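1. Quick one: sequence and predicted model below, then my questions.
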Amino acid sequence: MAIKTILSSTLLVVFTLTCFSVDAQSKIFENPKNLKVLPEDISPKELSNTMRGFALGLGLRCTNCHVGEEGKPLSSFDFASDEKPIKEKARLMMQMMNEINQTFVPKLNQVEDEKRVAVRCVSCHRGQQKPLLIEDALNQALASGEPDAVVNKYKGLREKYYGSHTFDFSISVLPSFSDNLLKEGFDKEALELMELNQTYYPDSYYGNFVRAKALQKNQKNKAAIEAYKKALELNPRAGFINGIIEQLSKASATKK
């Protein structure tokens, strides 16, 4: 899985760098036309780096914003054209980014300009056109109402993006998301996600604890007790779990 992700990312970088190395040879960044946000006196090198930043930061190709045919020399593109609406959206996003960096960042970070951390396209987009967090993507899947939609969405995103910076697949993400699902009454979906989480992080205290809560909510008390015991084993300081185990054990004995 990791090799596949690395290869996919490498191919995108290769395609993008190839695109701009050809551009440099054909001097397409000299004397640009119709610049409305970027400075008119921008150097060819700076313009090339800016376009490369857009492509890599948003996972896009030149044809997404500019009029031209994929695979054709970029010297044949009409870069001055405003035919594609996404180009105007890009300008608005650039203006927003400039406003943040020029007006708001200095108020938050009182240091010299050269030491100040600036907001860039990639800061939010992280290689995707629509800058969703993984929680956003999972909530969209949940809203579809389709069986196993949330689990399948997470598995698909992990298969495609694991190893990149696009989505967060760290140890606490699924437990935190599933814990919120339990609070909202999505007990079945929460348990499905936590069973999936076990395949990735079987020795996570938080993961085992939330899995135990999900099992309990789904009336699987015997399995919940074992999961709570596992969580307590992983984090002996969580002594409150003993009380939960005792209550569940009594409830199970009463039912018998």
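-> Structure received.

2. Can you verify my assumption that residue 167 contacts residue 154?
-> No: applying CB atoms under 8 Å as the test, residue 167 and residue 154 come out as separate, 9.3 Å apart. Where C-beta positions appear, they are placed from N, C-alpha and C, glycine not excepted.

3. distance of residue 219 from residue 124?
-> Going from residue 219 to residue 124 by CB to CB, to the nearest Å gives 42 Å.

4. More neighbours: which of these two?
-> Between residue 219 and residue 124, counting by other CB atoms under 10 Å, residue 124 is the more crowded of the two (14 against 8).

5. what helix or strand is the more buried one on?
-> Under the assignment given by DSSP states H and E, the secondary-structure element containing residue 124 is helix 121-125.

6. Number of residues surrounding residue 204?
-> As a burial measure, the neighbour count of residue 204 was computed by other CB under 10 Å and equals 21.

7. scratch that, residue 160
-> For residue 160, the neighbour count with other CB under 10 Å is 14.

8. Whichever strand or helix holds it packs against which elements?
-> Under the criterion of DSSP H and E, residue 160 resides in helix 149-161. Packed against helix 149-161 by the contact rule (3 or more CB pairs under 8 Å, 6 or more residues apart in numbering; DSSP states H and E) you find helix 2-26, helix 134-144, helix 187-200.

9. same thing but at 10 Å, please
-> helix 2-26, helix 134-144, helix 173-183, helix 187-200 (3 or more CB pairs under 10 Å, 6 or more residues apart in numbering; DSSP states H and E).

10. For the most centrally placed residue in the chain, give its distance to residue 160.
-> For the chain, the residue lying nearest the average C-alpha position, counting by CA atoms, centre = their mean, turns out to be residue 167 (2.6 Å). Shown here: residue 167 relative to residue 160, a distance of 9 Å by CB to CB.

11. With residue 242 instead?
-> When CB to CB is the yardstick, residue 242 and residue 160 sit 42 Å from each other.

12. Next: residue 120.
-> Using CB to CB, we find residue 120 at a distance of 23 Å from residue 160.

13. cool, and residue 153?
-> Applying CB to CB to residue 153 and residue 160 gives a distance of 11 Å.

14. Quick check: mean pLDDT of stretch 103-110?
-> Averaged across stretch 103-110, the pLDDT comes to 84.

15. List of residues touching it?
-> Outside stretch 103-110, the residues that touch it by CB atoms under 10 Å, 6 or more residues apart in numbering are 99-100, 113, 115-119.

16. do the same with stretch 81-94
-> Judged by CB under 10 Å, 6+ apart, the contacts made with stretch 81-94 from elsewhere in the structure are 33-38, 50, 54, 58, 60, 63-68, 79, 121, 124-125, 129.
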